[in-house]
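S.K.: pasting the sequence and the predicted coordinates here, then a few questions.
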Amino acid sequence: MDKLDRTVSISSAYDKTHTDPKKNYGVGACRITFLVQGPEGAVQFVIGTNWYLPKTQRSQRAWQQDYNRKFDKIAPDGWDVGYHSPKPMYSGQDDTECCYLPSGRCYYDGSSLRAIDWALKLIEGGTNWLWPELEKEYQARFLDGDEEEITATSPYLNKPLRTEQEVKDEKI
């Protein structure tokens, strides 16, 4: 396999709230993207950090704690395990703008369900686990030629988040 480049980037948090609903893009936290790039494309793992701008932290913290409690969430949030391919990976796949491939366009797809599982594994194994896993993902997506379905295995996918009674009983 050719040499693969590993990069980590952290996006800026933002406050793009506006009184005009057509111009209100909300509040967003920093996200961390772990990227493995090679000649065939790129694969990524993206996590949400819940790191907000100082002026929005208090309101976002209350919202985030409520959300985490309701949905039994952990931090960091796994947002995406995905790929950026220079060619379609399935019939009917549309291309999109892309900042990772030299052409500025790619065929992208990803899974937030797989990212939940990866976030848990990242917590346990750090980048000693993550980088080899992203390289395996690159191999599977671009070099093996297999059409094998890649699925999520998170324990969160098979358990109810909370029963209706638990939600009713909790004072939020």
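M.R.: Alright, I've got the coordinates. Numbering: from 1, shown residues only.
S.K.: can you pull the contacts of residue 127?
M.R.: Applying CB atoms under 8 Å, 6 or more residues apart in numbering, we find residue 127 in contact with residue 34. Where C-beta positions appear, they are placed from N, C-alpha and C, glycine not excepted.
S.K.: list the contacts for residue 42?
M.R.: For residue 42, the contact set (CB under 8 Å, 6+ apart) comprises 35, 36, 83, 84, 100, 101, 106, 138.
S.K.: out of those residues, which sit inside strands?
M.R.: 35, 36, 83, 84, 106 (DSSP state E).
S.K.: surely the last one and residue 86 touch.
M.R.: Yes. Taking CB atoms under 8 Å as the contact criterion, residue 106 and residue 86 are neighbours in contact, 6.4 Å apart.
S.K.: look at these two and report which has more neighbours.
M.R.: Comparing residue 106 with residue 86 by neighbour count (other CB atoms under 10 Å), the higher total belongs to residue 106, at 20 against 17.
S.K.: quick one: that one from residue 100, how far?
M.R.: For residue 106, the distance to residue 100 (CB to CB, to the nearest Å) stands at 7 Å.
S.K.: what is in contact with these two at once?
M.R.: Listed as contacting both residue 106 and residue 100 by CB under 8 Å, 6+ apart are 42, 84.
S.K.: just the buried subset of the contacts of residue 42, please.
M.R.: 35, 36, 83, 84, 100, 101, 106, 138 (16 or more other CB atoms under 10 Å).
S.K.: residue 125: which of those is nearest?
M.R.: Closest approach between these and residue 125, by CB to CB: residue 36, at 16.0 Å.
S.K.: so what's the closest one bridging to?
M.R.: In this entry, residue 36 is beta-bridged to residue 6, residue 43, by DSSP bridges.
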